[in-house]
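1. sequence and computational prediction follow.
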Amino acid sequence: MQNKASPLSVIIDPPGVQPAMPGDTVELYIVITNQSDRGAVIDVFFDEASETLHQWSNSSRESLALGPQQSSELTFQFKIPANTLPGTYDYTLVVDAPEHFPEDTPIQYPRQLKVMLKEHTVVRVNDPTFSLKPASNPRNPIILKSKEALQIEVMVDNRSNRVDRFRLVCSDLEDDWYAIRYPNTGVEGLGILAGTSGLELNPNTRGKILLELKPPVNTLAGSYSPTIRLYSANSPDLVLLDLVYIQIPPIHLLDVELYTLRGKVSNSFGLYEIKLTNRGNTPRDLKLNIKSRDEEQLYKYECEPRKVRLFPNKSTKVNLTVKPRPWWRRPLFGSALSLNFQVSLQDKDEYPLPDKLPEGTLLWNSRPWWQFVPFFITLIGSIVGIAFLIWLFFLKPPSPAQLVAFSPDSINYIQGDEIRLDWQVSNFQQISKLEIDNQGQTNNQSQIPSAPQIFDFRKGIPNKLNNICQAQLKYLTCSNYDTGVTQPGSYTFTLKLYTQGQNKPSSTQSITVKINEKPAARVGSFQLDKSQYTSGDTMLLSWTIQNPDQLAQLKITGKSDSGSENVLATYTNDQLKKSCQLTPQLLTCTKISLKTPEPGKYTFALQAFSQSGQPPNSYSIESTINILSKPLQIIFFTLNDSQEPNIVLQPNEPVVLQWKVEGEDISVQLTPFGTVASSGSLNLVANEALPSTIQLTATDKFGHSNSKGFSVKVSTPTPLSSIPPSAPFMPPPRFNRF
């Protein structure tokens, strides 16, 4: 608490815990008064430990200069992220004036910002509230060790003007996890109440509920965040929530026991059983091994299962078999040989393992006397074998060269891939020449060069094969021999070996290899945006093409109900790449515009042509598309901007006729002036020569007709003298187009 003699007065609003919801923006108001007789520069900021509030605040540090007895207000805003976890976040507000009041500052104000659940009801002024002590948040959970209990004080404020009764609920937890204790009312012992089941508070008072969290012994390690809800008897629909963040630390306790089922053997194997018990609170992923405790490992072993997943408070058994080896290390006579080993464990998550693991011993009995008979037989056989080897390496005549293997480097070739050959030859030193022949042809019946490739081995491996052949002992292995064949077709390659001093091949093998054509471009889908259009509209087409790398061009055709078929549009591959989305497997084109053909009923199809010259792949739209003719319509026909059929004009009054007609191949007659354009205007003068009837008639190519007209009357002027007026000059008609 700040000292009364402090030269600075600080007022913080709100004074207590500040509530907030995820996504809200809350404000903190601070009023600072300089109560001294000198001016000062004052810094207001959050301490370095308040890392979360630094991230949420628009400015975590403010400075102001105050004269004697002067006050000023600061505002800090906190923008709570929408994904913020509920909890109470602690921070410290610091007021410091190191240059002017070094002995009285800094002054620290511990604060709390409480982020509530989204389901939390908005709290009004008279609504009850509650807080938890100790407070926790996702970044500062409460550490709760096994078999320990956590006491949480729930402070409830009844801010209404009525007596209220409160009840606490932990719906996320099992009943054996927690206990709730309400304070005694003082009448339980009198027989009036058997026990307290809530907290009664008078208006504007505060009370305390004790919540004890005690996780069961088999609770797994990890982070838990149970929800605490407070119910009000006066406001049952009010949702008051908070979270308690607790962390149960891991316990790594593992028991390993080794039981001997068969520990002394002659010609069989030892049997053991390993029992593993997880007495901790985390699952264990273990791998079992056996390590020798002797200088040499004279056995092989097998664990079944080798890997074990062991849950807390669970046990499992692993069968271990140990077989002595090699057979010649078995004692010839005397006492048995002891094979000492130790169980070894590896934890996948590198959790601690027991310091001491069980050890075992397998006794390997010595041999009986009759087993020495095979030794003498083996000795005699060895002498015979040595004699055979001398004959084989020094006296046996050299064997001819033989082709051990001959194959292509792949089993699946596609157009553009080059066929490469692999082979292996034994006794290659005896080769005089090697011959490779190809008798195949491409799919378009074009022949490949049929002259065989001959390689002379009389002076060693030829230079052309040096880079692809490798000699090891008596074998010559050659890989990736280029044949130069890349076109689709079926090819038969024959490899012939000639041994020195022989005119006929000593070994011959043939293989047939096929190169498949690249898959042709195919239309995956094709559709229009409508099933009916009006002549002159723009159609929007969409389609997908499979194997777009083989696409040469696309054609869109329309077949009318009369049977005629026309190409409406052609697109090249380069045009499509600019307006469509291309992936190695699919070309997707959407909303490609195309003008409608002549009116009628059509069936539209999309044809994909491949670069390989294969027949085009076609995709037709099953439904018939109807192209309607543009309706014949007189958009307007006016006389002096009027459409009234009967018009009276003054003498010499200008007359302006205007019209516009739309339709298919229309013919327009303006009676009595003759044929005119589909849109235009005509300037006249109201006099005796002006026709009394003017009519506009439009006819389209389908024979449809439409007309509009005016009945015109020129009023007679009152004569001013007996001299008849001269007839006004009327210029010839003039037509204007819009």
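-> Ah, there it is. Numbering: from 1, shown residues only.

2. parallel or antiparallel, which strands does the helix or strand hosting Ser432 pair with?
-> According to DSSP states H and E, Ser432 maps onto strand 431-438. Partners of strand 431-438 in the sheet, by DSSP bridges, are strand 453-456 (antiparallel), strand 489-499 (antiparallel).

3. can you list contacts of it?
-> Applying Cβ atoms under 8 Å, 6 or more residues apart in numbering, the set of residues contacting strand 431-438 from outside is 401, 421, 425, 448-450, 452-458, 476, 481, 483, 485, 491-502, 505. The way it works is simple: take the backbone N, C-alpha and C, and place the C-beta from them, glycine included.

4. need the next SSE after that strand, C-terminal direction.
-> The helix or strand immediately downstream of strand 431-438 is strand 441-442, counting by DSSP H and E.

5. against which helices or strands is that following strand packed?
-> Judged by 3 or more Cβ pairs under 8 Å, 6 or more residues apart in numbering; DSSP states H and E, the packing partners of strand 441-442 are strand 489-499.

6. CA-only coordinates of the strand it packs on in PDB, if you can.
-> Coordinates of each C-alpha in strand 489-499 appear next as PDB, following Å, rounded to 0.1, in the frame of the first residue of the first chain:
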ATOM      1  CA  GLY A 489       6.900 -49.600 -79.800                       C
ATOM      2  CA  SER A 490       8.000 -53.200 -79.100                       C
ATOM      3  CA  TYR A 491      11.700 -54.000 -79.200                       C
ATOM      4  CA  THR A 492      13.600 -57.300 -79.000                       C
ATOM      5  CA  PHE A 493      17.200 -57.000 -77.800                       C
ATOM      6  CA  THR A 494      19.600 -60.000 -78.200                       C
ATOM      7  CA  LEU A 495      23.000 -60.200 -76.400                       C
ATOM      8  CA  LYS A 496      25.500 -62.700 -77.700                       C
ATOM      9  CA  LEU A 497      28.800 -63.700 -76.100                       C
ATOM     10  CA  TYR A 498      31.700 -65.200 -78.200                       C
ATOM     11  CA  THR A 499      34.500 -67.100 -76.300                       C
END
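
7. what comes up buried for that strand?
-> 489, 491, 493-499 (16 or more other Cβ atoms under 10 Å).

8. so can I have CSV of these showing distance to Cys170?
-> Output for the buried residues of strand 489-499, formatted as CSV (distance: Cβ to Cβ, whole Å):
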residue, distance to Cys170
Gly489, 78
Tyr491, 78
Phe493, 80
Thr494, 85
Leu495, 82
Lys496, 88
Leu497, 86
Tyr498, 92
Thr499, 92
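
9. output those as a markdown table; include the columns pLDDT.
-> Output for these, formatted as a markdown table (pLDDT from 0 to 100):
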| residue | pLDDT |
| --- | --- |
| Gly489 | 86 |
| Tyr491 | 89 |
| Phe493 | 90 |
| Thr494 | 92 |
| Leu495 | 90 |
| Lys496 | 90 |
| Leu497 | 90 |
| Tyr498 | 89 |
| Thr499 | 87 |
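
10. and of those, the nearest to Ile32?
-> Gly489 (92.1 Å; Cβ to Cβ).

11. from Pro615, how far out is the closest residue to that closest one other than its chain neighbours?
-> Sequence neighbours aside, Thr442 is the residue nearest to Gly489 in space, at 3.8 Å (criterion: Cβ to Cβ, 6 or more residues apart in numbering). Applying Cβ to Cβ, to the nearest Å, the value for Thr442 to Pro615 is 18 Å.

12. neighbour count winner among these two?
-> Summary of the neighbour comparison: Thr442 and Pro615, criterion other Cβ atoms under 10 Å, with Thr442 having more neighbours (17 against 9).

13. verify the stated contact: Pro400 with Gly501.
-> No. The pair Pro400 / Gly501 is not scored as a contact, 9.5 Å apart, by Cβ atoms under 8 Å.

14. neighbour count: these two, which is higher?
-> For the pair Pro400 and Gly501, the greater number of neighbours falls to Pro400 (17 against 8), based on other Cβ under 10 Å.

15. who are the contact partners of that one?
-> Here Pro400 is in contact with 427, 430, 499, 502, 506-507 (Cβ under 8 Å, 6+ apart).

16. Pro324 now?
-> Neighbouring residues of Pro324 by Cβ under 8 Å, 6+ apart: 265, 269, 298-299, 330, 337, 339, 362, 364.

17. repeat for Leu628
-> So, once contact is read as Cβ under 8 Å, 6+ apart, Leu628 ends up touching 532-535, 599.

18. where along the stretch 451-600 of the chain do the strands fall?
-> Listed in chain order, the strands of the stretch 451-600 of the chain (DSSP state E, counting those that start in this stretch) span residues 453-456, 469-472, 475-482, 489-499, 505-516, 522-528, 532-534, 538-546, 551-560, 565-572, 581-582, 586-595, 600-610.

19. mind checking how far Ser507 is from Pro452?
-> 16 Å.

20. okay, these two: which has more neighbours?
-> Counted by other Cβ under 10 Å, Ser507 and Pro452 do not tie: Ser507 has more neighbours, with 19 against 12.

21. just the pLDDT for that one.
-> The model reports Ser507 with a pLDDT of 86.

22. in contact with it, which residues?
-> With contacts defined as Cβ under 8 Å, 6+ apart, Ser507 is in contact with 400-403, 425, 496-497.

23. make TSV from those residues and add distance to Lys713 and secondary structure to it.
-> Formatted as TSV, the contacts of Ser507 follow (distance: Cβ to Cβ, whole Å; DSSP: H, G, I helix; E, B strand; the rest coil):
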residue	distance to Lys713	secondary structure
Pro400	125	coil
Ala401	121	coil
Gln402	121	strand
Leu403	115	strand
Val425	117	strand
Lys496	114	strand
Leu497	117	strand
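
24. quick check, nearest of these to Asp90?
-> Relative to Asp90, the closest of the contacts of Ser507 is Val425; by Cβ to Cβ it sits at 81.6 Å.

25. show me where the chain has its helices.
-> Counting by DSSP state H, the chain has helices at residues 51-56, 373-390, 573-579.

26. for the ones you listed, which one ends up most surrounded?
-> Of the helices of the chain, the one with the most neighbours on average (mean count of other Cβ atoms under 10 Å) is helix 51-56, at a mean of 17.

27. can you dump the C-alpha coordinates of that one into PDB?
-> What follows is helix 51-56, C-alpha atoms only, in PDB (Å, rounded to 0.1, in the frame of the first residue of the first chain):
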ATOM      1  CA  GLU A  51       4.800 -10.100 -20.500                       C
ATOM      2  CA  THR A  52       1.300 -11.000 -21.500                       C
ATOM      3  CA  LEU A  53      -0.100  -7.500 -20.800                       C
ATOM      4  CA  HIS A  54       2.700  -5.900 -22.800                       C
ATOM      5  CA  GLN A  55       1.500  -7.900 -25.800                       C
ATOM      6  CA  TRP A  56      -2.200  -6.900 -25.300                       C
END
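
28. and it, how far out from the chain's middle?
-> From the chain centre to the centre of helix 51-56 is a distance of 30 Å (Cα atoms, centre = their mean, to the nearest Å).

29. what's the spacing between Leu363 and Glu200?
-> With distances taken as Cβ to Cβ, Leu363 is found 78 Å from Glu200.

30. now do Glu304
-> Noted for Glu304: a distance of 65 Å to Glu200, by Cβ to Cβ.
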